[in-house]
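# sequence and predicted structure are below.
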There are 2 protein chains.
Amino acid sequence: MEQFVRRIKHYVDVGDADLHVLKNLRSTTEVYQPGQTIVSLNEPVDKLYIVTEGWVLRARYLDDGRRQIINFLLPGDYFDLMSIVGARSDHSIVAATTVRLTVFDAQDFLRATQGSHRLASAFWWVTVQEETILRQQIVRVGRLSARERIANFILELNRRQAISSGRHEDFVPLPVPQAFLADALGLSIVHVSRSLTSLKSKDLLQTSRKGIEILDRQRLIELAEYNPALFEPHPVALAAQ
Amino acid sequence: MEQFVRRIKHYVDVGDADLHVLKNLRSTTEVYQPGQTIVSLNEPVDKLYIVTEGWVLRARYLDDGRRQIINFLLPGDYFDLMSIVGARSDHSIVAATTVRLTVFDAQDFLRATQGSHRLASAFWWVTVQEETILRQQIVRVGRLSARERIANFILELNRRQAISSGRHEDFVPLPVPQAFLADALGLSIVHVSRSLTSLKSKDLLQTSRKGIEILDRQRLIELAEYNPALFEPHPVALAAQ
DNA sequence: CGATACGTTGAGCGAGTTCAACATACGTGG
DNA sequence: CCACGTATGTTGAACTCGCTCAACGTATCG
């Protein structure tokens, strides 16, 4: 939950008064084991979930068993604001690891945020960032080579984790097997392994079961066609609005 | 502009009173020629544009000249609601054909829609649909073969055009060269041509300079792993909220 | 210490790319 | 209305990146 607060503060300077509203909202906690489905395809959504521990994934499963992971939801991320119009999910949301979620009623949540201009802005910002992440994913799988995709993706994970943890480190925890990377990046497991080996041999990064250590961020950024500035929010002068 | 109205009515039953507010909003018209940039990378956005004629595209251009088209904006589509928090564009928005746009001030627009619960819901729906389109694009380029991508994309264009035109036809106008398809689908121009030839030889579709004629929708849907139901909104009981 | 899941490596294959030539449509000026 | 130049689309041949299948390592956890 601190990650969530850190995240919205990264976009808009919400004060304790704003946050108080959120903290007082009725919520429950749900825990899921790896592989469990949280929201199924076509299920109506009327709750809002905040990830507090573990990794969640959005994915589409094709008839012949192929899977495309659309994106990962990390601690501090939430889903699905679209629920407020009563939409149904067009994809599955699944626990990638053991996951702890804080769950709100979507309408409660909406009413709470509408009371605060700053909170509402913060949520718009997070929504804008989500879309940026989706667009980046399209560029990755559409036009980047396997090595570029991996490098780019590692950098994105690193950036997102830095925002929600508040710490800028060169280690990217990766609590899921490479098969998940493969399904996210539109590659085969084998080729993910080979591409990582190739990046290691260039001394750009180091891998372990725990995650990936970024050894040469600058060269990695160049190889990945990754422009960190694209993802940084530009401060909003709320007072001026 | 009728396409725009048809589109939001497709999601929520907005009445003439709601629409009246929109029609009275101060707006201007802008015209762009093919290839002209409408919004550049990193440009602050403070306007809301509705496409009234022609095709617009969102794209990211990589350093070495590669281009990934993120999606197309067709008549009735609008961009960019994110402007209401003063975000900057993380991609370029470019006229694909000669384009006519209706332009609003983002803040004016926001105030107008906030007055009507139905209008606000309608815009949420459109935003939800946009995200669905982005997710679908990720699945396409991530896990579908070239033929599947093309078939899937044609079906999506057909669905979107049907909603905004109000007519369900089997002809999909395509006012851009195949190179645009290639950059949207993460393929080479040559392979787009070959894949289309292959689809033609199976009597699934027919092509001309004007667009694509769907000859066997059912088989095309099967080949494309395309589930039309995923994109249909489920009626919302607004009264119940 | 063994079972099991995960990661790595090799060999062969195949979908999609590149380069190049050719074909067809289209717009413009004569 | 034709003639030409340019855009776009098609086809062939060679190549390459990433895939599949299969075997073999190596963590990890009871």
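Noted; the coordinates are in hand. Given the structure is predicted, the values throughout are model-derived calculations rather than measurements.

# what bridges to the residue nearest the centre of chain A?
Centroid-nearest residue in chain A: A:L73, 3.7 Å away (criterion: Cα atoms, centre = their mean). With DSSP bridges as the criterion, A:L73 is bridged to A:V56.

# wait, it sits on A:F79?
Yes - A:L73 lies in contact with A:F79 (Cβ atoms under 8 Å); the separation is 5.9 Å. Quick note: C-beta positions are derived from backbone N, CA and C, even for glycine.

# quick one: stretch A:17-28 to chain centroid distance?
22 Å (Cα atoms, centre = their mean, to the nearest Å).

# next, the buried residues of that stretch.
Under the neighbour-count criterion of 16 or more other Cβ atoms under 10 Å in any protein chain shown, stretch A:17-28 has A:18-19, A:22, A:27 buried.

# now stretch A:53-62
Residues of stretch A:53-62 classed as buried by neighbour count (16+ other Cβ under 10 Å): A:54-61.

# before we move on, back to that, roughly how far apart are the residue nearest to the centre of chain A and A:R58?
Taking Cβ to Cβ, to the nearest Å as the measure, A:L73 and A:R58 are separated by 7 Å.

# residues contacting the residue nearest to the centre of chain A?
Going by Cβ atoms under 8 Å, 6 or more residues apart in numbering or on different chains, A:L73 touches A:51, A:55-58, A:79, A:93.

# show me what contacts the closest residue to A:D216 other than its chain neighbours?
The shortest distance from A:D216 to any non-neighbouring residue, by Cβ to Cβ, 6 or more residues apart in numbering or on different chains, is to A:L204 (5.1 Å). Contact partners of A:L204, counting by Cβ under 8 Å, 6+ apart, are A:151, A:214-216, A:219-220, A:223.

# can you pull the pLDDT of A:L204?
Confidence at A:L204, expressed as pLDDT, is 97.

# any idea how chain A splits into domains?
A:2-114, A:130-231 (automatic domain parsing).

# what ranges do the helices span in chain A?
Under the criterion DSSP state H, chain A contains helices at A:2-11, A:16-23, A:106-114, A:117-143, A:146-165, A:178-185, A:189-201, A:217-223.

# mean pLDDT lowest where, among the domains of chain A?
Looking at the domains of chain A, the bottom one is domain A:2-114 with a mean of 92.

# just send the helices of chain A back as JSON lines, with distance to B:K47 too.
Output for these, formatted as JSON lines (distance: least, Cβ to Cβ, whole Å):
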{"stretch": "helix A:2-11", "distance to B:K47": "21"}
{"stretch": "helix A:16-23", "distance to B:K47": "28"}
{"stretch": "helix A:106-114", "distance to B:K47": "25"}
{"stretch": "helix A:117-143", "distance to B:K47": "16"}
{"stretch": "helix A:146-165", "distance to B:K47": "28"}
{"stretch": "helix A:178-185", "distance to B:K47": "34"}
{"stretch": "helix A:189-201", "distance to B:K47": "41"}
{"stretch": "helix A:217-223", "distance to B:K47": "32"}
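
# need the ones you listed in a markdown table with distance to DNA strand C, can you?
Formatted as a markdown table, those follow (distance: least, Cβ to the nearest atom of the strand, whole Å):
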| stretch | distance to DNA strand C |
| --- | --- |
| helix A:2-11 | 24 |
| helix A:16-23 | 35 |
| helix A:106-114 | 33 |
| helix A:117-143 | 9 |
| helix A:146-165 | 11 |
| helix A:178-185 | 4 |
| helix A:189-201 | 4 |
| helix A:217-223 | 17 |
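
# thinking again about what came up before, list only those of the contacts of A:L204 flagged as buried.
A:151, A:214, A:220, A:223.

# show me what from chain A comes close to DNA strand D.
A:145-147, A:186-188, A:190-191, A:195, A:208-210 (Cβ under 7 Å from any atom of the strand).

# let's go with 10 Å and repeat that
Neighbours of DNA strand D within chain A, by Cβ under 10 Å from any atom of the strand: A:64-66, A:144-149, A:182, A:185-195, A:198, A:208-210.

# which of these are buried? Put it as a PyMOL command.
PyMOL command restricting these to the buried ones, with burial defined by 16+ other Cβ under 10 Å:
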select buried, chain A and resi 144+146+147+148+149+182+185+186+187+192+195
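
# give me the residue from chain A nearest DNA strand D.
A:H191 (2.8 Å; Cβ to the nearest atom of the strand).

# picking up where we left off before, so which of the contacts of A:L73 is the closest to A:Q114?
In terms of Cβ to Cβ, no member of the contacts of A:L73 lies closer to A:Q114 than A:F79, at 19.5 Å.

# contacting residues for the nearest residue to the closest one once chain neighbours are set aside?
Sequence neighbours aside, A:Y49 is the residue nearest to A:F79 in space, at 5.5 Å (criterion: Cβ to Cβ, 6+ apart). Listed by Cβ under 8 Å, 6+ apart, the contact set of A:Y49 reads A:30, A:38, A:78-80, A:101-104.

# now those: which count as buried?
Buried members of the contacts of A:Y49, scored by 16+ other Cβ under 10 Å, are A:38, A:78-80, A:101-104.

# of the residues you listed, which belong to strands?
Members of the buried ones among the contacts of A:Y49 lying in strands (criterion: DSSP state E): A:38, A:78-79, A:101-104.

# just give me the closest of the buried residues of stretch A:53-62 to B:T127.
Minimum distance to B:T127 across the buried residues of stretch A:53-62 is 16.6 Å, recorded for A:R58 (Cβ to Cβ).

# no more questions from me, cheers.
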